[in-house]
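> Need a 3D model of the sequence below.
(one chain, ligands or ions: 1)
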Amino acid sequence: MKLAVCSDFHLGRRDNTDRFGHDIGHFHAYLDHLEETSDQVILLGDILDTHHGRIPLAFFREVRIISDLYAGLVDRLLGGKMRVVSGNHDSCLSQLPGVTEEALFESDGRRILLMHGHQFDRLIRTSPTLCAIGNYLGGAAERRGFSGALAFLDWIDDAANGGVKVDRNLLYRTKAVELALRRQVETIVLGHTHQQDCHSARGVTYLNVGANLAGRFEYGFIDTKSGAVEARTWG
Ligand SMILES: [Mn+2]
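Numbers count the residues shown, from 1 in each chain. Predicted coordinates for the structure are as follows:
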């Protein structure tokens, strides 16, 4: 079985809080490529950014607004053909049928566990509502011309997770490999950090699929038959 895994589109309000930044037609061509080269496309969270609305914590209102602003694209993403795993910026989606907080694939004798990755973020795990309010305030500031407000939130999150100088890839990789060993899977796949990473340790292959915002096309490719686990880019 061939899996194409991509995450962190951060589709938003099509204003200066929206980090997606792609031409929609071109993005459809990317999705065509993922569908043509795999048996299953998996969207690994933060596909919609429901935290930058004009009303705090009104997540489903944002889903409706973003779905209208990106009509054809969101219909394709949430239409049922792609497997959707929720992230921290679109956690409300897990209330929809078919959307889960993690996915486990078992094929050709290999087990692959996929989750967005915020489960390993200390601040988000302990205070998800506080984080959503922080994101709302950051978005409101950015919208009023305080450019850098959202980047400042990223800095706070880094500080809460061991400091800005800590090796983010190593931090997530270490925690993910520990979980994979506990859950007895050979491969664990995350997004969330917006940094691609592919590494084998202690008999586990860790893959971070990167992000698809601001002009980037980063995804993960897994072939359970050949055992390939790769961080890839498109275009
Ligand atoms: Mn995330």
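> Can you name the residues of the protein sitting close to the ion?
Neighbours of the ion within the chain, by C-beta under 5 Å from the ion: 46, 87, 88, 192. Backbone N, C-alpha and C define where each C-beta goes, glycine included.
> The third one reaches residue 131, doesn't it?
Going back to what we said before, that points to residue 88. Yes. Between residue 88 and residue 131 there is a contact at 7.0 Å, judged by C-beta atoms under 8 Å.
> before we move on, back to that, okay, the residues of the chain next to the ion in a markdown table with neighbour count next?
Output for the residues of the chain next to the ion, formatted as a markdown table (neighbours: other C-beta atoms under 10 Å):
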| residue | neighbour count |
| --- | --- |
| 46 | 30 |
| 87 | 29 |
| 88 | 22 |
| 192 | 26 |
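> residue ranges of the helices in this protein, please?
Counting by DSSP state H, the chain has helices at residues 24-36, 59-69, 71-78, 122-126, 128-143, 149-160, 168-183.
> so what's residue 134 closest to, chain neighbours aside?
Nearest non-adjacent residue to residue 134, counting by C-beta to C-beta, 6 or more residues apart in numbering: residue 153, 5.9 Å away.
> Around the one you found, count how many other residues there are.
By the criterion of other C-beta atoms under 10 Å, residue 153 has 19 neighbours.
> do you know how far it is from the ion?
Distance, residue 153 to the ion, by C-beta to the ion, to the nearest Å: 12 Å.
> List the residues that contact that residue.
Applying C-beta atoms under 8 Å, 6 or more residues apart in numbering, we find residue 153 in contact with 134, 135, 138.
> same question, residue 180
By C-beta under 8 Å, 6+ apart, the neighbours of residue 180 are 113, 186, 187, 188, 204, 206.
> and those residues, which are buried?
113, 186, 187, 188, 204, 206 (16 or more other C-beta atoms under 10 Å).
> any idea how far the second one is from the ion?
Summarising the geometry, the distance separating residue 186 from the ion, computed by C-beta to the ion, is 24 Å.
> Can you give me the buried ones in stretch 133-144?
Within stretch 133-144, judged by 16+ other C-beta under 10 Å, the buried ones are 134, 135, 136, 138, 139, 140, 141, 142.
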